[in-house]
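Engineer: structure for this input, please:
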Amino acid sequence: MTKRFFRNATTASLAVGLTLALASTLWAAGGDAHYDAGTLLKDFLYRVLNFGVMVAILGFFITRPIKKGLASRRETLAKELEDARLARETAEAKFAEYEQKLKDATAEIEQIQAEIRREGELERERILSNAREMAAKMAQDTERTATQEIAKARLELRKEAAALAISLAKDLLNKNFNDDDQKRLVDEYMDKMQRVGELR
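Structural biologist: From the prediction side, this is the model:
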């Protein structure tokens, strides 16, 4: 805005000056040729004075807005520079804040990773400990079951052996035992019972 105003004021001053110079030339050419040097000098000085007054008046009315425009422009530039400085400081503060947050986040990530590794190790140890306990318990259960099965098998074998022995004894008794043998066994039994009664 200030540049445009200054450009317009300069153009107006030049236009006025050229108009005055052209008018004085035409006036001098159109008049009587019998002027003396003093009259021409006075006329020239009058015109220069007139031009100077016109320029001074124009300068007075033009320089004030120009000064005001320049002062306003200076204030605008100062405000813009201050805003730019504040924006730069804000941006630097934000950058420092984000950089600190990034450092904090990196440290927190490393801490979380270390915690996860530690928890993983603890979980692995716990699983291995549980597996060892289960293996030991299974071995004990297997050993106890095997012992019980062996004892049960022995008992069954004994029962079968006893039953077989009884069966064989019956068969032998049926084949080899007669009335005389039965009488003799009864007598021996009675004799033993009598001895037992005497001992009492």
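Engineer: pLDDT weak spots in this protein?
Structural biologist: 1-35, 165, 168-179, 181-182, 189, 196-200 (pLDDT under 70).
Engineer: hmm, 50 instead?
Structural biologist: The model of the chain has pLDDT under 50 over residues 32-33.
Engineer: all helices of it, in order?
Structural biologist: Per DSSP state H, the chain carries helices over the ranges 2-30, 37-176, 179-199.
Engineer: turn those helices into JSON lines, including mean neighbour count.
Structural biologist: Every residue, glycine included, has its C-beta placed from N, CA and C. Formatted as JSON lines, these follow (neighbours: other C-beta atoms under 10 Å):
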{"stretch": "helix 2-30", "mean neighbour count": "12"}
{"stretch": "helix 37-176", "mean neighbour count": "11"}
{"stretch": "helix 179-199", "mean neighbour count": "9"}
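Engineer: tell me how far the residue nearest the centre of the chain lies from K42.
Structural biologist: Compute the mean C-alpha point of the chain, and by C-alpha atoms, centre = their mean the closest residue is A105, 6.9 Å away. Distance of A105 to K42, computed by C-beta to C-beta, to the nearest Å: 90 Å.
Engineer: could you do A151 as well?
Structural biologist: 157 Å.
Engineer: next: Q111.
Structural biologist: 99 Å.
Engineer: equivalent analysis for E115, please.
Structural biologist: Distance from E115 to K42, by C-beta to C-beta: 105 Å.
Engineer: now A162
Structural biologist: Counting by C-beta to C-beta, the gap from A162 to K42 is 172 Å.
Engineer: do the same with L77
Structural biologist: Taking C-beta to C-beta, one finds L77 at 49 Å from K42.
Engineer: what do you get for K159?
Structural biologist: Taken as C-beta to C-beta, the span from K159 to K42 is 167 Å.
Engineer: for A93, same thing?
Structural biologist: 73 Å.
Engineer: what of K67?
Structural biologist: Counting by C-beta to C-beta - K67 and K42 are separated by 36 Å.
Engineer: try F60
Structural biologist: Counting by C-beta to C-beta, the gap from F60 to K42 is 26 Å.
Engineer: what does stretch 111-126 contact?
Structural biologist: Residues outside stretch 111-126 that contact it (C-beta atoms under 8 Å, 6 or more residues apart in numbering): none.
Engineer: just list the residues touching the residue lying farthest from the centre of the chain, thanks.
Structural biologist: Here the centre of the chain is the reference, and by C-alpha atoms, centre = their mean the most remote residue is D180, at 108.7 Å. Contact analysis of D180 by C-beta under 8 Å, 6+ apart lists nothing.
Engineer: distance-wise, check it relative to A78.
Structural biologist: In terms of C-beta to C-beta, D180 sits 151 Å off from A78.
Engineer: can you check L49 too?
Structural biologist: 41 Å.
Engineer: I62 now?
Structural biologist: 24 Å.
Engineer: equivalent analysis for R126, please.
Structural biologist: Counting by C-beta to C-beta - R126 and A78 are separated by 70 Å.
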